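Enquirer: Give me a 3D structure for the following:
(one chain, ligands or ions: 1)
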Amino acid sequence: MRQVAVIGSGPAGYYTAEACQKQFGEAVRVDIVDRLPVPYGLIRTGVAPDHQSIKAVSRRYEATALSDNVRFVGNVAVGRDVSIPELLDLYDAVVLATGAPSDRPLGVPGDDLDGVIGSAAFVGWYNGHPDFAGLAPALHGPGAVVVGAGNVALDVARILANTADEFAGSDIVGHALDALGGHGVERITILARRGPHQIAMTPKELGELGHLHRAAPHVDAADLPPEGEDAALDPGLRKSVAHLRQFVGTPDKPISIDFDFFAQPVRIEGEGGRVARVVVERTRLDAEGRAVGTGETYSIPAGLVVSCIGYQTPRIEGVPYDAKLGRFANEEGRIAPGLYAVGWARRGPTGTIGTNRPDGFLIADHLAADLPEDSGKPGRAGLDALLAERGVDVVTFRDWQEIEKAEVANAREGAPREKFTAVEAMLAARGG
Ligand code: NAP
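Expert: Numbers count the residues shown, from 1 in each chain. Predicted coordinates for the structure are as follows:
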């Protein structure tokens, strides 16, 4: 029997468990450990609440979770309740599937002012992550600046622009729905430090901006390269750029979503400790395609700045870390004997949810090559004994199903659920 601990119950964690089942059949036991009492990581607290079809993938993880040789061990934090060396003693393999839940710092003067937040915090707030439920973002408007030209920037702009009707059928949490319903944001500026041909936005997500009830996207025709140059782009990017071309001269709506290309924040200025404006520098591309400042600056008034410039994996004491790339130092997923990384913790915050599936299979292949068939390690029985000795209140998958039932019962009309946003409330909801 091979004993495997996977740390993190998001897509990378569940795909790894699924791959271990396929690789070893009955000859493996997988414990999926999560610091929260609820599973699915980014699916629950990262994917936008109005993208329910993407969230549906959790049903596939549920099938894995309900099989006999996979177990969810919730409300157990590595570093607080159990350490990596202890897990390595108990299990044949420890796979870090901890994702990249921390914001990369913007790193400009003024980025610590009130009203300047990272996307992890903002996305966590509207998705009910316990760490960010109390965020209270500054939504008084009239300006909001979203930094970055990726899909997270699109999510943030769209969530700021959506009406209550557009949230129908979503699982946005009540506190965010209420706050967004009454906000005063009239102008959302998406700051892209490079040009339309360098965006990281995918076509479906970008196209959605063109169909919002009360918001219209605007692109300045002068920022677009000649149309003939689009032919050289990858098909996906070409489709995205086609959307940008359609955003030139769109009729106004109450909220304007302005794409500001070749523009990077150089300073954030405040009044009374709160953000008031973003000082932006025009950029141009150098020979390597990087953004370089031109020295020309201007200001954009803003009561809220959300930086959507990518994420990083938090460090775990004793685990080698690549600070430049913001993830665990690893060779194709191998960190050290018995210790592996998968998903964003392995390769950084790129790709879609499905990209984590081959990652999981890669790790299962490594385990097949590296692990003995039966080392005699105690695995889950040993973890249970250790956690019981420490008085840790472990949440099982059955407990989660009770929590989920309560969330479904609490849902407002038409919504799939009303998420609990406090760990205590999640724990209290077990047992009906
Ligand atoms: P991303 O795709 O890497 O985009 C980050 C953006 O931030 C890039 O435009 C980058 O510009 C810019 N940036 C980086 N550092 C900057 C700085 N210092 N100043 C100004 N701009 C800066 O990251 P993401 O949007 O966080 O998304 C992460 C992953 O999740 C992506 O793979 C994304 O597709 C995926 N995702 C998918 C969906 C969906 O499918 N619906 C939704 C959300 C996220 P440069 O290119 O110039 O570096």
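Enquirer: mind checking pLDDT for the most centrally placed residue in the chain?
Expert: Central residue of the chain (Cα atoms, centre = their mean): G46, 4.0 Å from the mean position. Per-residue pLDDT puts G46 at 96.
Enquirer: shouldn't it be in contact with F122?
Expert: No - in this structure G46 lies outside contact range of F122 using Cβ atoms under 8 Å: 11.3 Å. All C-beta atoms are positioned from the backbone trio N, CA, C, and that covers glycine.
Enquirer: Next, the closest residue to the ligand within the chain: phi, psi?
Expert: Here the residue of the chain nearest the ligand is G150; by Cβ to the nearest ligand atom that distance is 2.3 Å. Taking degrees, to the nearest 10, you get phi -110, psi -170 for the backbone angles of G150.
Enquirer: Where does the residue of the chain positioned farthest from its centre sit: helix, strand or coil?
Expert: For the chain, the C-alpha farthest from the mean C-alpha position belongs to G376; by Cα atoms, centre = their mean, that distance is 37.1 Å. Following DSSP: H, G, I helix; E, B strand; the rest coil, G376 is assigned to coil.
Enquirer: what's the answer for L386, then?
Expert: Under three-state DSSP, L386 falls in the helix class.
Enquirer: got the residues of the chain near the ligand?
Expert: Contact residues, the chain versus the ligand (Cβ under 6 Å from any ligand atom): 51, 147-153, 155, 193-194, 198, 200, 202, 205, 264, 291, 308-311, 349-352.
Enquirer: residue ranges of the strands in the stretch 101-250 of the chain, please?
Expert: 102-103, 116-118, 143-147, 187-191, 215-219 (DSSP state E, counting those that start in this stretch).
Enquirer: Could you spell out the sheet neighbours of the first one, each with its direction?
Expert: According to DSSP bridges, strand 102-103 forms sheet pairs with strand 311-312 (antiparallel).
Enquirer: Comparing the strands of the stretch 101-250 of the chain, which stretch has the densest surroundings?
Expert: Per residue and on average, the most neighbours among the strands of the stretch 101-250 of the chain fall to strand 143-147, with a mean of 27 (mean count of other Cβ atoms under 10 Å).
Enquirer: Show me what it is packed up against.
Expert: Helices and strands touching strand 143-147, by 3 or more Cβ pairs under 8 Å, 6 or more residues apart in numbering; DSSP states H and E, are helix 151-161, strand 187-191, strand 291-301, strand 304-307.
Enquirer: is it possible to export the ones you listed to JSON lines including mean pLDDT?
Expert: Output for these, formatted as JSON lines (pLDDT from 0 to 100):
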{"stretch": "helix 151-161", "mean pLDDT": "98"}
{"stretch": "strand 187-191", "mean pLDDT": "98"}
{"stretch": "strand 291-301", "mean pLDDT": "98"}
{"stretch": "strand 304-307", "mean pLDDT": "98"}
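Enquirer: Would you mind finding the most buried of the ones you listed?
Expert: Buried most deeply of the helices and strands packed on strand 143-147, by mean count of other Cβ under 10 Å, is strand 304-307, with a mean of 27.
Enquirer: What strands line up against it, and which way round?
Expert: Counting by DSSP bridges, strand 304-307 is paired with strand 116-118 (parallel), strand 143-147 (parallel).
Enquirer: Nearest to L339, out of these?
Expert: Of all the strands paired with strand 304-307, strand 116-118 sits nearest to L339, with 28.3 Å by Cβ to Cβ.
Enquirer: as a whole number, average confidence for that closest one?
Expert: 98.
Enquirer: who's in contact with it?
Expert: Residues from elsewhere that reach strand 116-118 (Cβ atoms under 8 Å, 6 or more residues apart in numbering): 103-106, 110, 135, 137, 268, 275, 304-308.
Enquirer: Kindly present the strands paired with strand 304-307 as JSON lines, with separate columns for distance to Y91.
Expert: Formatted as JSON lines, the strands paired with strand 304-307 follow (distance: least, Cβ to Cβ, whole Å):
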{"stretch": "strand 116-118", "distance to Y91": "33"}
{"stretch": "strand 143-147", "distance to Y91": "41"}
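Enquirer: residues touching P235, list them.
Expert: Residues in contact with P235 (Cβ under 8 Å, 6+ apart): none are found.
Enquirer: The stretch 201-350 of the chain: helices as residue ranges?
Expert: 203-208, 235-246, 344-347 (DSSP state H, counting those that start in this stretch).
Enquirer: Can you point out the buried residues in the second one?
Expert: When burial is assessed from 16 or more other Cβ atoms under 10 Å, helix 235-246 yields the following buried residues: 237, 239-241, 243-244.
Enquirer: what does stretch 53-68 give?
Expert: Quick answer for stretch 53-68 (16+ other Cβ under 10 Å): 55, 57-58, 61-62, 64-65.
Enquirer: Excluding covalently adjacent residues, which one is nearest to V408?
Expert: R417 (5.1 Å; Cβ to Cβ, 6 or more residues apart in numbering).
Enquirer: which residues sit in contact with that neighbour?
Expert: By Cβ under 8 Å, 6+ apart, R417 lies in contact with 171, 404, 407-408, 410-411.
Enquirer: The same query, at a cut-off of 10 Å, please.
Expert: Applying Cβ atoms under 10 Å, 6 or more residues apart in numbering to R417 gives the contacts 44, 128, 171, 173, 404-411.
Enquirer: repeat for G174
Expert: By Cβ under 10 Å, 6+ apart, the contact set of G174 is 128, 410-412, 415, 418-419, 421.
Enquirer: Try it again at 8 Å.
Expert: Counting by Cβ under 8 Å, 6+ apart, G174 has contacts 412, 418.
Enquirer: just G338 next, same as before
Expert: 88, 91-94, 370.
Enquirer: per-residue confidence for it?
Expert: Reading off the model, G338 has pLDDT 97.
Enquirer: same check, this time on A263
Expert: So, for A263, pLDDT stands at 98.
Enquirer: Hmm, it is touching I190, no?
Expert: No - if you go by Cβ under 8 Å, A263 and I190 don't touch, sitting 9.4 Å apart.
Enquirer: Neighbours of the residue of the chain closest to the ligand, how many?
Expert: 19 (other Cβ atoms under 10 Å).
Enquirer: Tell me what it is bridged to.
Expert: A200.
Enquirer: That one contacts A200, correct?
Expert: Yes - counting by Cβ under 8 Å, G150 does reach A200; the two are 4.0 Å apart.
Enquirer: rewinding a little: nearest to E296, of the contacts of strand 116-118?
Expert: I268 (17.9 Å).
Enquirer: pretty sure that closest one contacts D114?
Expert: No - I268 is not in contact with D114 according to Cβ under 8 Å; the separation is 10.7 Å.
Enquirer: Thanks a lot, catch you later.
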